[in-house]
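>>> curious how this folds, go ahead:
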Amino acid sequence: MRGRRSVRAFLPTPVPQTTVAEILALAACAPSGTNIQPWQVIALAGDERQRLCDRAQHAFHHESGLHASEYDIYPAEWVEPYLGRRRRNGLALYASLGIERGDKAAMQRQHARNFAFFDAPVGLIFTIDRRLAQSSWVDYGMFLQNVMLSARARGLDTCPQMAWAMVPKLLTELLEIPPHLMVVCGMALGHADPDAPENRWTPVREPVDSIAHYRGFSAVL
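Predicted coordinates for the structure are as follows:
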């Protein structure tokens with residue numbers, strides 16, 4: 001768990017389909033309410049991955065305002081402590097890349113790399129049946145975490161990406177996703193580039209005392 005991180009630069013080393021299938025099969029051991037297993041995955045590599053990335057890059061640079069997610073990715077108004085954590089994370093990432101605060105052009109270029117899966121050889125697109133209830137999204141989170149941990153067990157790295165949820169129409173058309181399925185997110189999968197500066201910093205995690213509240217435990221002797 002501590003070894004998992006969001007990698008934003010990958011080597012071109014291919015990942016076999018059999019390895020991707022092993023990762024997903026193990027991840028599918030995740031629990032779900034009444035065992036309905038609400039996850040669906042489209043795994044892309046080679047020319048299929050490149051075709052999607054080319055189309056998504058074009059949309060990012062030339063179709064501003066034509067694409068939007070089907071659900072709220074961010075709150076309408078950021079409040080503390082989440083605003084501070086978000087700013088701290090973003091500033092640290094940009095600093096690792098030498099991007100100065102306020103350099104919007106460089107920030108845009110970095111954001112656009114989401115739509116190249118950060119050069120990872122495998123891109124994953126996750127969907128869920130839109131007719132399911134909100135609790136199934138909780139189940140989905142456990143499945144996604146399992147994907148990332150299963151990848152780490154095989155010496156691979158990942159980056160979960162909400163950016164792909166911002167272009168659902170594009171994904172639906174290009175990947176022929178059925179109308180009853182909704183895009184949840186994407187994920188880059190591959191071998192991390194150890195020399196990339198953005199891979200050499202680690203986001204700060206909150207101490208357990210700030211997130212856990214204990215009641216009813218016996219006094220520590």
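>>> would you state the strands of this structure in chain order?
40-44, 122-129, 157-161, 181-190 (DSSP state E).
>>> please produce JSON lines containing these, extended by distance to residue 88 and mean neighbour count.
C-beta: built from backbone N, CA, C; applies to glycine. Output for these, formatted as JSON lines (distance: least, C-beta to C-beta, whole Å; neighbours: other C-beta atoms under 10 Å):
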{"stretch": "strand 40-44", "distance to residue 88": "32", "mean neighbour count": "18"}
{"stretch": "strand 122-129", "distance to residue 88": "27", "mean neighbour count": "22"}
{"stretch": "strand 157-161", "distance to residue 88": "19", "mean neighbour count": "23"}
{"stretch": "strand 181-190", "distance to residue 88": "22", "mean neighbour count": "24"}
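>>> of all the ones you listed, which one comes closest to residue 104?
Evaluated over the strands of the chain, closeness to residue 104 peaks at strand 157-161, with 20.6 Å, by C-beta to C-beta.
>>> distance from the chain centre to that closest one, please.
If you compare the mean C-alpha spot of strand 157-161 with that of the full chain, they lie 5 Å apart, counting by C-alpha atoms, centre = their mean, to the nearest Å.
>>> pLDDT score for the closest residue to residue 179 other than its chain neighbours?
Leaving aside its sequence neighbours, residue 179 sits nearest to residue 172 (C-beta to C-beta, 6 or more residues apart in numbering; 7.7 Å). Looking at residue 172, its pLDDT is 98.
>>> again with the one 5 residues further on
Confidence at residue 177, expressed as pLDDT, is 98.
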